[in-house]
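S.K.: here is my input, please return the structure:
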Amino acid sequence: MSVHPSAVIAPGAVVPGSCTVGPFCTIGPEVVLGEGCTLVSHVVLDGRTRIGARNTIYPFTSIGVPPQDLKYGGEPTKTVIGDDNTIRENVTISRGTVGGGGVTRLGSNCLLMTCAHIGHDSQVGSNCILANAATLAGHVIIEDYVTLGAFCPVHQHCIVGKYAFVGGGTIVTQDVLPFSLTSSRRENKAFGINKIGLARRGFSPQRLQTLQKAFRQLLAARMNTTQALEKLKALKDDGAAGEDVAMLVAFLERSERGVIK
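M.R.: Have a look, this model is predicted:
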């Protein structure tokens, strides 16, 4: 194990020999690190935190720290992080609360850029990007393959659907549709599907065409969400592309805060 002499590792912490712990890092007694992790310097790991393999964590990041919730009374809640994440400078990830399920979770293969924040009890999927100063309030759900642009605050209890791209500076106060390109110019709007991002993820022309048709009915037609849902359900039988529409329909049906259209 490579541990700088200035690092502090509490008795009880699990740090495999394949890890590198840089200067002035602090690792609490209930922290468990996976194989091959690198803590560059000045990293704080606290609480009942479980971090998977091959994560790289940059200076002045704090993970597993107490939630910014006045109701929190020191309960033994958790933070769980997957594998192969890059967590850049000044990122903060708060542990969960009893009222919110007790676990804050980050998946695998994510990039968290400088000053990103994941609030208590939030659930972030895999293959996500949170750009500089993207901030999640408590109880937020970010599904897989989501990109949040710089300076995007997400209101508590919001859901950002799979494959969505949210433009920089967008204030998210309602659920963001899966597959969508959502951004703020004068007001928050969904501008259609995230066509470039979906193509990069291997979506076929047929899948993209079906999703574009679904979004036209949902966003452009003069129908309310209930009426649009009935139209979308007719596209659910269109093979593999229909599965995408089915996911979109399921997202709309379970949304409690309404969606950005």
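S.K.: tell me the contacts of the closest residue to Cys152 other than its chain neighbours?
M.R.: Leaving aside its sequence neighbours, Cys152 sits nearest to Ala134 (Cβ to Cβ, 6 or more residues apart in numbering; 4.6 Å). All C-beta spots, glycine's among them, are computed from the backbone N, C-alpha and C. Shown in contact with Ala134 (Cβ atoms under 8 Å, 6 or more residues apart in numbering): Met113, Ala116, His117, Leu148, Gly149, Ala150, Phe151, Cys152, Pro153, Val154.
S.K.: next one: Ile142 from Phe191, what distance?
M.R.: Going from Ile142 to Phe191 by Cβ to Cβ, to the nearest Å gives 20 Å.
S.K.: same check on Ala134?
M.R.: Distance, Ala134 to Phe191, using Cβ to Cβ: 19 Å.
S.K.: quick one on the thing from earlier: how about JSON lines for the contacts of Ala134, with secondary structure and pLDDT added?
M.R.: Output for the contacts of Ala134, formatted as JSON lines (DSSP: H, G, I helix; E, B strand; the rest coil; pLDDT from 0 to 100):
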{"residue": "Met113", "secondary structure": "coil", "pLDDT": "98"}
{"residue": "Ala116", "secondary structure": "coil", "pLDDT": "98"}
{"residue": "His117", "secondary structure": "strand", "pLDDT": "98"}
{"residue": "Leu148", "secondary structure": "strand", "pLDDT": "98"}
{"residue": "Gly149", "secondary structure": "coil", "pLDDT": "96"}
{"residue": "Ala150", "secondary structure": "coil", "pLDDT": "97"}
{"residue": "Phe151", "secondary structure": "coil", "pLDDT": "96"}
{"residue": "Cys152", "secondary structure": "coil", "pLDDT": "96"}
{"residue": "Pro153", "secondary structure": "strand", "pLDDT": "96"}
{"residue": "Val154", "secondary structure": "strand", "pLDDT": "97"}
